[in-house]
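Undergrad: Sharing a model that was predicted from the sequence below.
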Amino acid sequence: MPVLNRIASYAEEMKGWRRHLHMHPELAFDCHQTAAFIAERLREMGVDEIHEGIARTGIVALIKGRASGPVIGLRADMDALPVDELTGEPHASTVPGRMHACGHDGHVTMLLGAAKYLAETRNFAGSVALIFQPAEEDGGGGQVMVQEGIMDRFGIAQVYGIHNAPNVPFGHFRTTPGPHMASVDTAVVKITGRGGHGATPHECVDPVVAIVGMVQAVQTIIPRNVHALDEAVLSVTMIHTGTASNIIPEEGFFAATIRCFKPDVRALLKQRFHEIVEGHAAAYGVRAEINYDWGYPATINHEEEADFAAEVAREVSGAEAVDARAPREMGSEDFSYMLEARPGAYLFLGTGPGAGLHHPAYDFNDEASPVGASFFARLVERAQPLA
């Protein structure tokens, strides 16, 4: 079964929704205009319930089927990124320094398209909970929505989400049972020494030399402490210090992103990072302050639900267009908190050639909206069929 004909007929309307959202990006939890736009569309569609103000600007809307049954959750994130857009498109961001560089405008559109179809047809039992989530990029809105009790409040039994994937063939789905995306932790290390003139280093305690040693040493953690078959990444992404070529600075800092899939590996990475930084601080005679932020956990698909989602994806895109055992991704997602709370699965949907995610020239491919909406709609109909 390809894209549902009824949803295909929404294509132009969906394009309008998506481009409106693209022109008016909002960050983190401050998705007030976005939430208002979504709620207005949902009211027009005649959904049964709209619950606003969850995690500040999140929404959960309910559509009831034609018979009693469980509740299935479908999630779309809706926040943008602090990026200046370079697409030059007529629908480019109207807000300087903000753009939908990750396609969350497309994710919202796919879920709205599915909502319109499901509200019209109601060819399913039980209910569907439409979850519109703020603050995926920064703030962990998924965790906040779970902490505010959406799973119990709305009786959600299973939950699913999609992310667009540029430069993956158009309409192709990728997922896998078990760990699918990595956890993400962030370490920021402030090093304090004793500054002075560059001509008299013997009178100083040089934080630059200490930082260089630490950065080189932490790169040994993965090849020398983590099993070779346990995927992990430690990337030092920032080093800042100094003001002039003839001054040894008083302090400096460096930052790193740290990613893996297993809790025991995650704990080991943190332990070794602290041991190495603190040991080098003692060796170089500097003071080290480590801020190690425990971020999103790994996104772990439930096996039965991942296999079921792949089966539905095959109905929409064809068997040859679905990789149900795709390689793991080192990126991270706060949908992980929802999968910790309920069974479910997360999938990638290919949108064809284009700029990559988080790039200032990125733009969501509007032709993918009916594909994602059809997947969501068929997922509900297949998971909760009428007797």
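TA: Nice, I can see it. Numbers count the residues shown, from 1 in each chain.
Undergrad: now the strands: where do they sit in the stretch 151-300 of the chain?
TA: 156-166, 173-174, 178-181, 183-192, 196-197, 232-241, 247-248, 251-260, 287-294, 299-301 (DSSP state E, counting those that start in this stretch).
Undergrad: Remind me what the fourth one packs against, helices and strands.
TA: Pointing back at strand 183-192 there. Applying 3 or more Cβ pairs under 8 Å, 6 or more residues apart in numbering; DSSP states H and E, one finds that strand 183-192 contacts helix 207-218, strand 251-260, helix 263-284, strand 287-294. Any C-beta I mention is one placed from the backbone N, CA and C, and that applies to glycine too.
Undergrad: which other residues reach the shortest one?
TA: Spelled out, that is strand 287-294. Contact with strand 287-294 is made by 185-193, 210, 214, 270, 273-274, 277-278, 280-281, as judged by Cβ atoms under 8 Å, 6 or more residues apart in numbering.
Undergrad: same deal with the second one?
TA: Taking Cβ under 8 Å, 6+ apart as the criterion, the residues outside strand 251-260 that touch it are 182-193, 195, 207-208, 211, 214-215, 218, 226, 230-242, 266, 269-270, 273, 298, 330, 332.
Undergrad: Residue 349: neighbour count?
TA: 28 (other Cβ atoms under 10 Å).
Undergrad: Can you give me every residue that contacts it?
TA: Listed by Cβ under 8 Å, 6+ apart, the contact partners of residue 349 are 162, 163, 164, 165, 168, 171, 172, 173, 368, 371, 372, 375.
Undergrad: if I look at the first one, how far off is residue 235?
TA: Taking Cβ to Cβ, to the nearest Å as the measure, residue 162 falls 27 Å from residue 235.
Undergrad: Looking at those two, which one has more neighbours?
TA: More crowded of residue 162 and residue 235, by other Cβ under 10 Å: residue 162, with 30 against 11.
Undergrad: need the contact list for the closest residue in space to residue 191 that isn't next to it in sequence.
TA: Excluding the flanking residues, the one nearest residue 191 by Cβ to Cβ, 6 or more residues apart in numbering is residue 207, at 4.3 Å. Counting by Cβ under 8 Å, 6+ apart, residue 207 touches 191, 192, 193, 241, 249, 250, 251, 252, 286.
Undergrad: switch the cut-off to 6 Å
TA: Residue 207 is in contact with 191, 193, 251, 252, 286, counting by Cβ atoms under 6 Å, 6 or more residues apart in numbering.
Undergrad: Return the per-residue confidence for the first one.
TA: We have a pLDDT of 98 for residue 191.
Undergrad: Touching, it and residue 210? I think so.
TA: Yes. Residue 191 is within contact range of residue 210, at 5.4 Å (criterion: Cβ atoms under 6 Å).
Undergrad: Find residues that contact each of these two.
TA: Residues touching both residue 191 and residue 210 (Cβ under 6 Å, 6+ apart): residue 286.
Undergrad: Under the pLDDT cut-off, which ranges of this protein? List them.
TA: Low-confidence segments of the chain (pLDDT under 70): 1.
Undergrad: got a list of what the residue most central in space within it touches?
TA: Among the residues of the chain, the one closest to the centroid is residue 333, at 3.4 Å (Cα atoms, centre = their mean). By Cβ under 6 Å, 6+ apart, residue 333 lies in contact with 181, 299.
Undergrad: let's go with 10 Å and repeat that
TA: 77, 136, 142, 161, 163, 180-182, 184, 296-299, 339, 346 (Cβ atoms under 10 Å, 6 or more residues apart in numbering).
Undergrad: what kind of secondary structure is it in?
TA: Following DSSP: H, G, I helix; E, B strand; the rest coil, we place residue 333 in the coil state.
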